[in-house]
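In: Quick one, fold the following:
(2 chains)
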Amino acid sequence: MTHAHTVYKIPHGKLVKITLEYDPQTNLIQKVNITGDFFIHPEDGLELLETSIQDTFFSHDVIIKRLDETVTAHHLTLIGVTTEGLTEGILRCRA
Amino acid sequence: MTELWRFLQTGYQDAFTNMAIDRAILEAHREGLVPPTLRVYGWAPPAISIGYFQGMNEEVDVQACHKQGVDCVRRITGGGAVFHDKELTYSLVVSESHPMISHNILESYARICGALVRGLDGLGIQSSFTPINDIVVGSQKISGNAQTRKQGVVLQHGTILLDVDVEMMFTLLQVPNEKIKDKLISDVRQRVTSCSRVLGRPVSFDDVSRNIRHGFEQTFAVQLREGTLNAKERDWTDKYRREIFNQHAWNYKR
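Out: Numbers count the residues shown, from 1 in each chain, chains lettered A, B, ... in the order given. Have a look, this model is predicted:
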């Protein structure tokens, strides 16, 4: 299991700090923790977003699809952060 | 007939009580026990509040805070870490369905911050709202704001800087690299201002409070009548202080 951390300034948005655990053998994300000075309404939406990408592959298309589905399903409003920005931050953890 | 809202001056409290009072007012308004409420308050001892989505140890030098007697608390609102010292803090609690509150969160920031801009104007400070959540004088920030919505009720709170001690702020916040600390301090000094700095004279809490109150009355076309926390709000304040805001599990959740 590999632990990774990245700090990413979302273009025109806020700063996100991402810590994750992943399995380099299988390319699967095990656990994600996202922090930052952004806004998500309602606030428990962040946990839903984090959970939605557990056990997914390190793939841009897969991650953003999961995040977008979660935003839609739970009517989340993201301010200062975007699913594209979160996806980019997560992918940078693998570098 | 002008709508009556409540105006609360709760004085200076510790960080855990301050956050508990805001939460209690939100709950009381949700239950229909109190009218929309504008509260103004200060912090004693000084404190750092972090945004709901931030990590305490990532943002704050907790040991330095303990040494300086500075409280550390996590808010129920998002946004960034704030050093609360020489400032006026306000909170507005109002129903999401109030005709003056937009369903669109960014629009409601603009409306509520517009009341603050009007209040600052009364003090002789020309400022403007800059999305997402700041008020600036020129390009320098004088006020930061954060909003949450829970069960149909909007809570927005924020600060208006009376004066600012950037060096102390950087003693208490985590700095990614000590080598660039001086540069960060100089950058922040250029990006942040205060009522005292803009006007070139000391500005009191009461001066700002009076003008902000007027700014809200004009912007929302309401009358703000002086009030106090009711018994239920005081009970909830004690409960939220004890069970949430003074709990390690809450403050270090992330």
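In: Tell me which residue lies nearest the centroid of the chain.
Out: Looking at chain A here, since you left the chain open. For chain A, the residue nearest the mean C-alpha position is A:Leu86 (4.4 Å; C-alpha atoms, centre = their mean).
In: The intended chain is chain B.
Out: Nearest to the geometric centre of chain B sits B:Gly158, at 2.5 Å (C-alpha atoms, centre = their mean).
In: Which element, helix or strand, includes it?
Out: strand B:153-161 (DSSP states H and E).
In: Ok, B:Ser143 next?
Out: B:Ser143 belongs to strand B:140-150, assigned by DSSP H and E.
In: does any bit of that strand sit next to chain A?
Out: Yes - counting by C-beta under 8 Å from any C-beta of the partner chain, contacts between strand B:140-150 and chain A involve B:146-150. For the C-beta atoms, the positions are set from N, CA and C on the backbone; glycine is no exception.
In: Heading C-terminal from the helix or strand hosting B:Phe16, find the next helix or strand.
Out: Using DSSP H and E, B:Phe16 falls within helix B:15-30. Scanning forward in sequence from helix B:15-30 by DSSP H and E, the next helix or strand is strand B:37-43.
In: Next, see if the longest helix seen in chain A gets close to chain B.
Out: Secondary structure of chain A per DSSP state H: the longest helix is helix A:60-73. No - Helix A:60-73 lies out of reach of chain B by C-beta under 8 Å from any C-beta, never closer than 14.4 Å.
In: picking up where we left off before, how far does the strand holding B:Ser143 sit from the chain's center?
Out: Offset of strand B:140-150 from its chain centre (C-alpha atoms, centre = their mean, to the nearest Å): 7 Å.
In: Tell me who's in contact with A:Phe57.
Out: Contact analysis of A:Phe57 by C-beta atoms under 8 Å, 6 or more residues apart in numbering or on different chains lists A:27-29.
In: same thing with B:Leu229?
Out: B:8, B:10, B:21, B:24-25, B:237.
In: B:Ile105: neighbouring residues, count only.
Out: 21 (other C-beta atoms under 10 Å in any protein chain shown).
In: show me where the chain has helices.
Out: Just going to use chain A. A:45-52, A:60-73, A:83-92.
In: my bad, chain B
Out: Counting by DSSP H, the helices of chain B are B:15-30, B:56-59, B:62-68, B:105-123, B:166-172, B:181-191, B:195-199, B:205-220, B:231-240, B:248-251.
In: Mind telling me which of those the model trusts least?
Out: Lowest mean pLDDT of those: helix B:181-191, a mean of 78.
In: Give me the distance from that helix to the chain's centre.
Out: Using C-alpha atoms, centre = their mean, the offset of helix B:181-191 from its chain centre is 22 Å.
In: Please spell out which residues along that helix are buried.
Out: Neighbour counts over helix B:181-191 (16 or more other C-beta atoms under 10 Å in any protein chain shown) mark B:184, B:188 as buried.
In: Kindly report the same for stretch B:191-201.
Out: So for stretch B:191-201, counting by 16+ other C-beta under 10 Å, buried means B:192-198.
In: Might you report the residue contacts of B:Val154?
Out: Applying C-beta under 8 Å, 6+ apart, the residues near B:Val154 are B:92-96, B:101, B:108, B:147-148.
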